[in-house]
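J.: this one's structure only:
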């Protein structure tokens, strides 16, 4: 057992300025270290097991004599219980550093997730939408909150104000919250259940989207209005008019048609192959080209410096409003996407082509997972026959009535 030195008073301790190690008494092994620069600090010299430890207890005079003795006694009590104060202090410091390394805000976590995965998304537009919903709805509520502290209360505070009024946006936002929180859990930035998960959690607190979402149908022409409309459309000059005509002939989405490039067209096989990254479903789609579609393409001029079949005046891609403006100038109360509805209604009501062939022509993703699992081919030749019939139906009719007499809306 260490020998106790003569116990010094606070006044005597204050006068210790000679460099060296000064025992102050009161607690065995308690010293005031004075260095050449004049700074002074408390040290407890003690055996911990078989090792001699010099345990720092703080600087003097910030830590006065009484407090130094208290700290020394506490350290000795820990040693008597088999605890190494230095090892415990190092462990606490390590835990603090680890905690600080994983203490990031929700916004930082979300931005890191987008940075890690954004390049794999099918379009810059999707990335922008992802970021926009979080910026508009999540960041104002939890952007500066530590990711570990995001719980059910915070998630509901984000979702509830827009769940019924903007349910489609809210549903997508919920999914994005869930993904960011899952990412943070895997990266060890948080622990516990995901408060944004739907099944078995939020589905008990919020109304099902299918019960409150309003289905908005694209404004479309009635089936019988199509032949006269095509007569009028083919009289229109301009790249946008031709892009709209091509969109109708192929039953494609307007974005797919506007983004079509020469390299995607196989004139020999009469096939337009749209790569997966340009498809809504993220899967390559082959479109059988009818004679009218091929003839239309062959008449399109190649613009220097542009790969697009339907190039904008400056060589880039046509805007998403260019086709809509053609229809407005024609006085038609419909949208380009509505022609897909008209096509689907025509295929179902006026032909004997199987439903699944029409769905494949529209590149719809099968909701029935079993049916999707057994679908091996893309029924290209069956779809070729379907598109040929569509071309014939919308072709120039004899004595066609005016398009304005036949306009209607398909829900």
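T.: Yes, it's here. Keep in mind the model is a prediction, meaning the values are calculated, not measured.

J.: where are the low-confidence patches of the stretch 101-250 of the chain?
T.: 101-102, 122-123, 213-218 (pLDDT under 70).

J.: For it, just list every one of the helices.
T.: 106-117, 124-133, 139-142, 152-163, 167-186, 209-212, 226-234, 239-250 (DSSP state H, counting those that start in this stretch).

J.: And for the stretch 301-411 of the chain?
T.: 322-329, 338-350, 355-361, 369-374, 380-394, 403-406.

J.: Make TSV out of those and add distance to residue 184, mean neighbour count and mean pLDDT.
T.: C-betas here are computed from N, CA, C, even on glycine. As requested, the helices of the stretch 301-411 of the chain are exported to TSV (distance: least, Cβ to Cβ, whole Å; neighbours: other Cβ atoms under 10 Å; pLDDT from 0 to 100):
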stretch	distance to residue 184	mean neighbour count	mean pLDDT
helix 322-329	41	18	92
helix 338-350	39	19	93
helix 355-361	38	18	93
helix 369-374	30	8	45
helix 380-394	44	18	95
helix 403-406	55	15	40
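
J.: picking up where we left off before, so which of the helices of the stretch 101-250 of the chain is the most packed in?
T.: For those, the largest average neighbour count (mean count of other Cβ atoms under 10 Å) is found in helix 239-250, namely a mean of 23.

J.: Show me what that one packs onto, helices and strands only.
T.: Under the contact criterion of 3 or more Cβ pairs under 8 Å, 6 or more residues apart in numbering; DSSP states H and E, helix 239-250 touches helix 226-234, helix 254-258, helix 291-298, helix 322-329, helix 338-350, helix 380-394.

J.: Go ahead and name everything in contact with that helix.
T.: 230, 233-234, 252-254, 257-258, 260, 272, 287, 289-290, 292-293, 296-297, 299-300, 309-313, 318, 322-323, 325-327, 336, 339, 343, 387, 390-391, 394 (Cβ atoms under 8 Å, 6 or more residues apart in numbering).

J.: try 7 Å this time
T.: Defining contact as Cβ atoms under 7 Å, 6 or more residues apart in numbering, one finds that helix 239-250 is touched by 233-234, 254, 257-258, 272, 287, 290, 292-293, 296, 300, 310-311, 318, 322-323, 325-326, 336, 339, 391, 394.

J.: now for the helices of the stretch 101-250 of the chain, which one comes closest to residue 276?
T.: helix 124-133 (13.4 Å; Cβ to Cβ).

J.: And that closest one, how far out from the chain middle?
T.: 7 Å (Cα atoms, centre = their mean, to the nearest Å).

J.: any idea of the angle it forms with helix 106-117?
T.: 170 degrees (axes from the mean of the first three to the mean of the last three Cα atoms, to 10 degrees).

J.: residue closest to the middle of the protein?
T.: residue 130 (4.6 Å; Cα atoms, centre = their mean).

J.: if I look at that residue, how far off is residue 353?
T.: 38 Å (Cβ to Cβ, to the nearest Å).

J.: Also residue 271?
T.: 19 Å.

J.: next one: residue 387
T.: 10 Å.

J.: Not including adjacent chain positions, what is the nearest residue to residue 39?
T.: Nearest non-adjacent residue to residue 39, counting by Cβ to Cβ, 6 or more residues apart in numbering: residue 59, 6.9 Å away.

J.: Correction: the previous question concerned residue 46.
T.: With Cβ to Cβ, 6+ apart as the criterion, residue 46 has its nearest non-adjacent residue at 4.7 Å, and that residue is residue 29.
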